[in-house]
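what shape does this take:
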Amino acid sequence: MRKGKNRFVVMRQKRKVKSYELRFFLLIIAGMACFPLLYLHQRVFAGSSGNRSTYKNTTAARNSLKNFYATRERRQQHLMHNKPRPRDYSKPLTAYLEPIDSLETERSPLPLRNTASSRLKKVTFPTMHDSCSRLMEDFPVDSFPMEDPFLPWIHDYFPSADTQYIQFVAQNRRRCDTGEDHKETMKFWEPQIALFQPVPVIAEEDGSYRLAPNLDVATHKETRFQCQFHTADDRLSRITLSEFPFNYEYINFRKGRKPMLSRSGKDTSLYWLSQLTFKCPIPLKFQSLLLKTSAGDKPSFYVDLIPIRTPARVDQTLLTANHTGTQNLPPPSSVFNPAKAFGDSHYLPKIEDAGRWANLPVCHRDKTGPTVSTKAEKKHQLVACTWTAASYTRRGDTLTISDSGKRLKEWIQFHLLVGFDHLYVYDNTDTDSENLRVVAEEFGSEHVTYHRWPCRVCNNNRPGHKNPGERSSQYAAEASCRERYGSQTEWMSFIDTDEYLVPMRVDEKGEYNWKVVLEEMNTKKIAVMKLLSSRGLPRVDQMK
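Numbers count the residues shown, from 1 in each chain. Modelled structure (predicted):
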């Protein structure tokens with residue numbers, strides 16, 4: 001036999017079958033054919049205490065043989081005419097609601113949760129499993145289940161451009177109704193504040209999880225959600241723990257050292273606690289699924305989002321010198337002690353026993369956002385995001401605006417003229433109107449990206465109202481735009497369609513252009529611009 005690269009070819013060449021090999025092969029076939037008869041023979045005479053030879057030619061034996069072959073024939077015919085159909089593994093989005101009394105908030109250390117799968121209320125959204133192209137358009141933002149205050153109020157989620165994370169954008173449901181008339185409502189929704197507060201967790205080798213008594217022993221020092229990834233057929237499943245983009249407690253500490261949770265008053269001044277953003281690391285085996293080309297409009301896989309339930313911290317923060325520095329440490333009385341609050345054996349319940357979002361569809365990258373860009377090669381220099389609708393009422397529901405199509409067209413024309421590279425339009429129209437979509441498509445996808453964003457504002461009152469307004473849909477749209485497209489541009493702005501950013505510098509052609517302003521800002525190493533606001537009307541007659 002030749003060696004080297006031709007060895008495989010030589011091994012596949014035909015050769016003459018030896019006679020003894022053929023006899024041995026036929027002997028094996030004959031043995032296999034006789035096996036059912038031997039098996040039947042043993043079954044017919046099993047348990048007989050008499051002389052087995054007296055039963056060899058009985059009618060029972062012959063009938064058993066006949067029944068055996070008849071049964072085998074019927075089974076084969078059934079398989080031929082009833083071939084198994086491909087199984088539909090699609091899964092509807094489901095919310096499992098955990099009773100609020102499963103968590104005992106007054107005892108220390110915190111007892112294990114009194115929960116089980118039988119105690120969970122199941123709410124299914126059957127239309128949320130079959131379309132990636134309408135994923136966030138159909139997401140049940142406005143039909144958010146109201147019985148479980150620990151569930152995050154999700155407005156948007158999508159894979160990151162590098163396929164390493166699922167990015168979530170949620171809103172603080174507690175801010176929708178505040179003031180003296182809503183004390184009980186505010187108390188019920190206190191767990192929404194807990195979702196902003198990180199907890200330390202230990203991931204055990206046996207696959208269980210427990211709350212860590214201190215940051216030093218925690219495998220995950222700042223997390224709040226378990227993220228269970230699984231395929232449609234559940235053959236592949238992995239769990240990761242969520243990550244925050246920054247420490248919300250530290251941001252709140254720097255903003256004025258007010259507590260994150262106040263049990264009286266309007267509680268809307270802490271506007272940085274309106275948007276909750278976090279991300280779930282995608283396991284490596286699932287990252288590859290995002291890059292595969294899929295037939296149709298089906299999800300790549302699913303993720304379950306399980307909040308880690310602990311009472312919201314009141315007048316205390318889990319901050320150390322690593323967060324604040326040694327000179328700015330909060331007083332000892334306001335420092336949260338995990339060992340005292342959690343103990344060292346508070347294990348999280350099994351996922352099937354915990355309240356959660358289940359079967360959140362995760363779609364391919366080409367369905368959800370832009371490609372990744374490095375810092376040195378940003379796709380755009382300047383972009384703007386806007387949240388608008390074909391018709392809407394102003395704060396307090398005092399005035400209805402119905403000329404949004406015209407407003408949007410003028411707004412897009414102006415900002416493209418003065419140096420904006422791209423504009424992102426989030427359409428909050430709550431009907432099937434295509435008015436704003438048609439306007440956006442006039443300028444082409446290279447200049448304008450259009451998003452259907454039908455979720456409503458939860459409170460449209462004026463800021464000075466006894467139950468002040470919360471522009472939840474608008475704030476979530478701004479966060480979505482920043483998280484989806486922020487990595488693609490050097491500068492990003494968030495403005496309404498009745499607001500125009502006018503550059504006060506001219507280029508070499510004598511035209512006002514934002515590129516000149518940005519070059520000046522880059523030279524001065526300025527990263528944030530605050531602009532002067534004044535009333536004015538655009539000179540439509542000067543627009544090209």
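
nearest residue to the middle of this structure?
The centre of the chain sits closest to Tyr157, judged by C-alpha atoms, centre = their mean, with a distance of 4.3 Å.

what's near enough to touch that one?
Contacts for Tyr157 were tallied using C-beta atoms under 8 Å, 6 or more residues apart in numbering; they are 136, 166-169, 360. Glycine gets a C-beta too; all of them are placed from N, C-alpha and C.

could you do Trp387 as well?
By C-beta under 8 Å, 6+ apart, the neighbours of Trp387 are 426, 428, 453, 473-474, 477-478, 496.

ok, now how distant is it from Gln488?
19 Å (C-beta to C-beta, to the nearest Å).

helices and strands of the chain: which one has the lowest mean pLDDT?
helix 7-11 (a mean of 33; mean pLDDT, DSSP states H and E).

now do the phi/psi pair for Phe414.
In terms of degrees, to the nearest 10, the main-chain angles of Phe414 are phi -60, psi -50.

Tyr500 is in contact with that one, correct?
Yes. If you go by C-beta atoms under 8 Å, Phe414 and Tyr500 touch, sitting 5.6 Å apart.

quick one: the strands in the stretch 101-250 of the chain, in order.
Secondary structure of the stretch 101-250 of the chain (DSSP state E, counting those that start in this stretch): strands located at 121-125, 153-159, 165-171, 199-203, 209-211, 220-223, 225-230, 237-241.

of all those, which lies closest to Asp297?
strand 153-159 (15.3 Å; C-beta to C-beta).

neighbouring strands - and their directions - for that closest one?
strand 165-171 (antiparallel) (DSSP bridges).

so Lys285 is in which element?
Using DSSP states H and E, Lys285 maps to helix 284-291.

Gly444 too?
Applying DSSP H and E, one finds Gly444 in no helix or strand.

mark which of the contacts of Trp387 are part of helices, please.
Mapping the contacts of Trp387 onto helices (DSSP state H) picks out 473-474, 477-478.

put together JSON lines for those residues, with distance to Lys279, neighbour count and pLDDT on each row.
Shown next, in JSON lines, are the ones in helices among the contacts of Trp387 (distance: C-beta to C-beta, whole Å; neighbours: other C-beta atoms under 10 Å; pLDDT from 0 to 100):
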{"residue": "Ser473", "distance to Lys279": "22", "neighbour count": "23", "pLDDT": "95"}
{"residue": "Gln474", "distance to Lys279": "22", "neighbour count": "19", "pLDDT": "95"}
{"residue": "Ala477", "distance to Lys279": "19", "neighbour count": "27", "pLDDT": "97"}
{"residue": "Glu478", "distance to Lys279": "18", "neighbour count": "19", "pLDDT": "96"}
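
export those to JSON lines and tack on distance to Pro245?
Below are these laid out as JSON lines (distance: C-beta to C-beta, whole Å):
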{"residue": "Ser473", "distance to Pro245": "21"}
{"residue": "Gln474", "distance to Pro245": "20"}
{"residue": "Ala477", "distance to Pro245": "18"}
{"residue": "Glu478", "distance to Pro245": "15"}
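
identify the bridge partners of the residue nearest to the centre of the chain.
Applying DSSP bridges, one finds that Tyr157 bridges with Phe168.

with just CA atoms, put stretch 210-230 into CSV.
C-alpha atoms of stretch 210-230 as CSV (Å, rounded to 0.1, in the frame of the first residue of the first chain):
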residue,chain,number,x,y,z
ARG,A,210,-26.2,32.1,46.1
LEU,A,211,-26.0,35.7,47.3
ALA,A,212,-22.5,36.5,48.5
PRO,A,213,-21.8,37.8,52.0
ASN,A,214,-19.2,40.2,50.7
LEU,A,215,-17.7,41.4,47.5
ASP,A,216,-14.4,39.6,48.0
VAL,A,217,-15.8,36.1,47.7
ALA,A,218,-18.3,36.9,44.9
THR,A,219,-17.7,35.4,41.5
HIS,A,220,-20.0,38.2,40.1
LYS,A,221,-19.6,41.4,42.2
GLU,A,222,-22.4,43.5,40.5
THR,A,223,-25.3,41.8,38.9
ARG,A,224,-29.1,41.6,39.1
PHE,A,225,-30.4,39.0,36.5
GLN,A,226,-29.8,35.4,35.6
CYS,A,227,-29.8,35.0,31.8
GLN,A,228,-30.7,31.5,30.6
PHE,A,229,-30.0,31.0,26.9
HIS,A,230,-31.6,28.0,25.1
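
buried residues of it, list them for me.
For stretch 210-230, burial by neighbour count (16 or more other C-beta atoms under 10 Å) applies to 210-213, 218, 220-230.

the strands of the stretch 101-250 of the chain into a markdown table, with extra columns for distance to Ser108 and mean pLDDT?
Listed next are the strands of the stretch 101-250 of the chain as a markdown table, based on distance: least, C-beta to C-beta, whole Å; pLDDT from 0 to 100:
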| stretch | distance to Ser108 | mean pLDDT |
| --- | --- | --- |
| strand 121-125 | 29 | 96 |
| strand 153-159 | 29 | 97 |
| strand 165-171 | 29 | 98 |
| strand 199-203 | 15 | 98 |
| strand 209-211 | 13 | 98 |
| strand 220-223 | 21 | 98 |
| strand 225-230 | 24 | 98 |
| strand 237-241 | 24 | 98 |
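
to Gln327, which of the ones you listed lies closest?
strand 220-223 (22.1 Å).

understood, closing this out.
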